[in-house]
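Undergrad: quick one: sequence and predicted model below, then my questions.
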Amino acid sequence: MNAWSLPATAPSPDTTARMVAALGRPGFAGEALEAVNHSVAAGSWAVYQVWPDRAPVMHLSACRLGPDVTHDCFAIYRDQGLYRRDRSFEAVRASKRPGHAMVLRMHANDAPSADHREAIYLRHGMLERLSVARLEADGSLMAVNLYHHQHQGCFDPAEVERFAALAPLLLACVTRQLQWQAQAPATAVRERLLARCAALTTRELDVLERLLQGLSYDGIAADLGLSVASVKTYRARAFARLGLHFKSELFAAFLP
């Protein structure tokens, strides 16, 4: 595991423009990953927050190479308690400085434990992780993680350098996107959903609203105090009532 402070260099203008253009959009996770790939060839990414005294939450994720394994990986990380033994961000925590961020690089072979390496990296074909992590005021740690999958090989030195330059922008955009998701007005959306189908239950509306805000299933579960399985059940029932099959249809029908 390597860790170092954020550099003073700037990311490419093209990546910056694409990242900023994705802000506030329901498809932010996928669009931001595509923007990152103009600087670093990441196969997938995940943004999660880890607390010292409760289960972590994954706020955003996307995959551009093959099946999206980010949700399965995070479910294992959370449900098997691997986060309790995760020392890969210890350099950031050791600073004890809220707002302090660092860039970290970890190969699968350097995973915090054999269980972590086998259940997450080897089982899902991931080889290496580049992260920018920041200590939050409440003692939690916010981590933005980019992954190279097995067939991609390791990140080359130029990619690592470009990621370090990109890290402050990534943190700023993720922070703003999460603020937008938390503050986005839901009243009008709820009214449109009920106008389409008055039979939608309160919980189904709660889940649909948060999907439209761009929250992941893990984020919705944490926000509503439900299990991820329950969130998916409410989503499936709501989609059946609305005659929808995909999230893209939900976005097209109920977002401007």
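TA: Great, that's in hand.
Undergrad: okay, now the domains of the chain?
TA: Following automatic domain parsing, one gets these domains for the chain: 2-182, 187-254.
Undergrad: can you redo these as JSON lines with mean neighbour count and mean pLDDT?
TA: (Each C-beta comes from the backbone N, C-alpha and C, glycine too.) Below are the domains of the chain laid out as JSON lines (neighbours: other Cβ atoms under 10 Å; pLDDT from 0 to 100):
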{"stretch": "domain 2-182", "mean neighbour count": "18", "mean pLDDT": "92"}
{"stretch": "domain 187-254", "mean neighbour count": "17", "mean pLDDT": "88"}
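Undergrad: residues in contact with the residue nearest to the spatial centre of the chain?
TA: The chain has Leu60 as the residue nearest its centroid, 2.4 Å off, counting by Cα atoms, centre = their mean. Contact partners of Leu60, counting by Cβ atoms under 8 Å, 6 or more residues apart in numbering, are Phe28, Ala29, Ala32, Trp45, Ala46, Val47, Val174, Gln177, Leu178, Gly214, Ser216, Gly219.
Undergrad: would you say it is within a strand?
TA: Yes: residue state for Leu60 (DSSP: H, G, I helix; E, B strand; the rest coil) corresponds to a strand.
Undergrad: downstream of the strand or helix carrying Val174, the next helix or strand is which one?
TA: Remark: Val174 resides in helix 157-183, with elements defined by DSSP states H and E. Sequence-wise, the next helix or strand downstream of helix 157-183 (DSSP H and E) is helix 187-196.
Undergrad: ok now the next helix or strand after that following helix, how far from the chain's centre?
TA: Once the chain leaves helix 187-196, the next helix or strand it forms, by DSSP H and E, is helix 202-212. The chain centroid and the centroid of helix 202-212 are separated by 19 Å under Cα atoms, centre = their mean, to the nearest Å.
Undergrad: now do helix 202-212: which elements does it pack against?
TA: helix 187-196, helix 217-224, helix 228-242, helix 247-254 (3 or more Cβ pairs under 8 Å, 6 or more residues apart in numbering; DSSP states H and E).
Undergrad: which one, of the ones you listed, ends up nearest to Arg78?
TA: For the helices and strands packed on helix 202-212, the distance to Arg78 is smallest for helix 217-224, at 7.6 Å, taking Cβ to Cβ.
Undergrad: endpoints of stretch 83-99, how far apart?
TA: Stretch 83-99 has its terminal residues 21 Å apart, counting by Cα to Cα, to the nearest Å.
Undergrad: contacting residues around it?
TA: The contact list for stretch 83-99, computed with Cβ under 8 Å, 6+ apart, reads 1, 3, 50, 55-56, 77, 100-102, 104, 106, 110-113, 116, 131, 133-137, 141, 143.
Undergrad: ok, now with 7 Å
TA: 1, 3, 50, 56, 77, 100, 102, 104, 106, 112-113, 133-137, 141, 143 (Cβ atoms under 7 Å, 6 or more residues apart in numbering).
Undergrad: from those, which ones fall inside strands?
TA: Ala3, Val50, Met102, Leu104, Met106, Ala133, Arg134, Leu135, Leu141, Ala143 (DSSP state E).
Undergrad: rewinding a little: need the contacts of Leu60 in a markdown table (columns: distance to Leu205).
TA: Formatted as a markdown table, the contacts of Leu60 follow (distance: Cβ to Cβ, whole Å):
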| residue | distance to Leu205 |
| --- | --- |
| Phe28 | 22 |
| Ala29 | 23 |
| Ala32 | 27 |
| Trp45 | 30 |
| Ala46 | 27 |
| Val47 | 26 |
| Val174 | 27 |
| Gln177 | 23 |
| Leu178 | 22 |
| Gly214 | 17 |
| Ser216 | 18 |
| Gly219 | 17 |
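Undergrad: wait, which of those is closest to Leu250?
TA: The nearest one, if we look at these relative to Leu250 and count by Cβ to Cβ, is Gly214, at 11.5 Å.
Undergrad: who touches that closest one in this structure?
TA: Residues counted as contacts of Gly214 (Cβ under 7 Å, 6+ apart) are Pro26, Phe28, Gln181.
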